[in-house]
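K.L.:
After the sequence you'll find the predicted model.
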Amino acid sequence: MSLPGATTAEPWQLVPPDGVVVIPLLTFRECALFVLPHGVEEPAEDHVLRLAPGAWRELMDILMCWQSASLDKDLRRAPLSAWTAAVDEVTDQLWTAVAGPLRERLRALGVPDGARLWITASDLSNQLPLHAARRVEDGRHRMILDDYVVAYTPSVRLLHRAYQRLGRGADDARTALFLADPLGDLPYAAEEVATIKELFPAGSRLVLSGPEITHETVFAGVSGRRYVHVACHAFLNWFQPNYSAIPLADGDFLVAGELAGLDLSAARLVTLSGCQSGTSFNRRARGEYSGLAASLLRAGAPTVVATLWQVDDHASSLLMSRFYEELMAGAGHDPARALRLAQLWMRAATRAELTAYQAGRPGAAAAERRWRLLGHGPQDRPYASPHYWAACTVVGA
């Protein structure tokens, strides 16, 4: 993936202020992370974190386990409990193999808790939730997301380009386009949009739903919009990521290659809340970031929120609502910080708190019945598992 306006500066000279870029280098001989805080004049040995001997085999085993469990879930060959167990196991393994050593190196470099990390594209970061890598501390799970604001980027240069784009348009502009459920089979998607749209002025928002979502209306509707929210299905093409697609109401598809042609020159954020909209897998170019989210970056969006696996419709609806509340709060948060706050909230929320949060929404009663049937008491945390919230990632600025 490439964008116009590339700079000839060295990558470490392009790290945004108050941030750290982490560049994985994974080969069968050696695995390492380049850890580059803002202000580095010349990388030194301390900026190279060499992972333990045998890390390549360990990481490839983790990745194959992840892909196998994901396929079993997608094909309904295993129950949901098997997938959630795989998510828990992989996030534990990622802490030992990658995130734990990374945190130690960040502390040694003087990077404070709460700093922002960008992880560049690799075979691991394109598919696995490195932000949810976790350890047990004081009897409770604590993740790298508890320590830092974690986002992803195809490369340091594209991150620099995304930051250059942030200057376009007024930061307080709340013009928005919402696309909701073109196939009519995602009831919580419509509820998600109905909730989020209220955060935007009535005269500055356009909502397209069901049969209104076609090629023509999408391409016309995005122009001049600061925010674009897509609450639709997304289909990942594992073999040709640029043919991953979003289904439209007329039976056609909006494929990733076409998304690059959208006019996103005014955009601050595009959100794809559909399944696997942020996963990238390229057999021909290992580690390259391609697919739906990559095409939106190419079209001009400085930031994309996308997902790494098939998401629970109700959980996604609540997470997206909370994300936009944080994003549009009085003090204001950038997308990465807003998503982090929403994810930490969802992980900790009890059934009683979730019931109060969604009170009055059309799907609240059905969700409450499901939680009761699953045996969740008022103080249980129905969405504590990373399966429900860690699929969402921020890509870009």
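P.N.:
Nice, I can see it. Residues are numbered from 1 along each chain as shown.
K.L.:
Which element is encountered next along the chain beyond the lowest-mean-pLDDT helix or strand in the chain?
P.N.:
Lowest on mean pLDDT, DSSP states H and E among the helices and strands of the chain sits helix 364-373, with a mean of 89. Toward the C-terminal end, the helix or strand that comes next after helix 364-373 (DSSP states H and E) is strand 392-396.
K.L.:
mind listing what's buried in the strand or helix carrying Tyr188?
P.N.:
Element membership of Tyr188, judged by DSSP H and E, is helix 187-196. Of the residues in helix 187-196, 188-196 count as buried by neighbour count, 16 or more other C-beta atoms under 10 Å. No exception for glycine: its C-beta is placed from N, CA and C like everyone else's.
K.L.:
Let me know the closest of those residues to Phe219.
P.N.:
Distance to Phe219 across those (C-beta to C-beta) is lowest for Val193, with 19.3 Å.
K.L.:
number of nearby residues for the nearest residue to the closest one once chain neighbours are set aside?
P.N.:
Spatially, and ignoring its direct neighbours in sequence, Val193 is nearest to Ala180 (4.1 Å; C-beta to C-beta, 6 or more residues apart in numbering). Close neighbours of Ala180, defined as other C-beta atoms under 10 Å, add up to 24.
K.L.:
doesn't Glu192 make contact with Ala180?
P.N.:
Yes - look at Ala180 against Glu192 with C-beta atoms under 8 Å: they come within range, at 7.5 Å.
K.L.:
Now list whatever residues contact both of those two.
P.N.:
Common neighbours of Ala180 and Glu192, counting by C-beta atoms under 8 Å, 6 or more residues apart in numbering, are Ala231.
K.L.:
Okay, and the beta partners of the residue nearest to Val193?
P.N.:
Ser209, Ala231 (DSSP bridges).
K.L.:
got the contact list for it?
P.N.:
By C-beta under 8 Å, 6+ apart, the contact set of Ala180 is 189-190, 192-194, 207-210, 213, 231-232.
K.L.:
For Gly203, see how far away it is.
P.N.:
Here the criterion is C-beta to C-beta, to the nearest Å. By it, Ala180 lies 19 Å from Gly203.
K.L.:
Which secondary structure element is home to the closest residue to Pro16 other than its chain neighbours?
P.N.:
Residue nearest to Pro16 in three dimensions, not counting chain neighbours: Tyr163, with 5.7 Å by C-beta to C-beta, 6+ apart. Counting by DSSP H and E, the element that carries Tyr163 is helix 156-165.
K.L.:
Off-centre distance for that helix?
P.N.:
When distances are taken as C-alpha atoms, centre = their mean, to the nearest Å, helix 156-165 is centred 18 Å away from the chain's centroid.
K.L.:
any idea of the mean pLDDT for that helix?
P.N.:
Averaged across helix 156-165, pLDDT comes to 92.
K.L.:
now the angle from it to strand 392-396?
P.N.:
80 degrees (axes from the mean of the first three to the mean of the last three C-alpha atoms, to 10 degrees).
K.L.:
If you count neighbours, what's buried in helix 156-165?
P.N.:
Neighbour-count burial for helix 156-165 flags 156-163, 165 (criterion: 16+ other C-beta under 10 Å).
K.L.:
Tell me who's in contact with Thr175.
P.N.:
By C-beta under 8 Å, 6+ apart, the contact set of Thr175 is 200, 204-205, 224-227, 266.
K.L.:
export the contacts of Ala180 to JSON lines and tack on distance to Leu344 and pLDDT?
P.N.:
Shown next, in JSON lines, are the contacts of Ala180 (distance: C-beta to C-beta, whole Å; pLDDT from 0 to 100):
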{"residue": "Ala189", "distance to Leu344": "24", "pLDDT": "90"}
{"residue": "Ala190", "distance to Leu344": "27", "pLDDT": "89"}
{"residue": "Glu192", "distance to Leu344": "20", "pLDDT": "93"}
{"residue": "Val193", "distance to Leu344": "24", "pLDDT": "95"}
{"residue": "Ala194", "distance to Leu344": "25", "pLDDT": "94"}
{"residue": "Val207", "distance to Leu344": "29", "pLDDT": "97"}
{"residue": "Leu208", "distance to Leu344": "32", "pLDDT": "97"}
{"residue": "Ser209", "distance to Leu344": "31", "pLDDT": "95"}
{"residue": "Gly210", "distance to Leu344": "34", "pLDDT": "93"}
{"residue": "Ile213", "distance to Leu344": "32", "pLDDT": "96"}
{"residue": "Ala231", "distance to Leu344": "22", "pLDDT": "94"}
{"residue": "Cys232", "distance to Leu344": "26", "pLDDT": "93"}
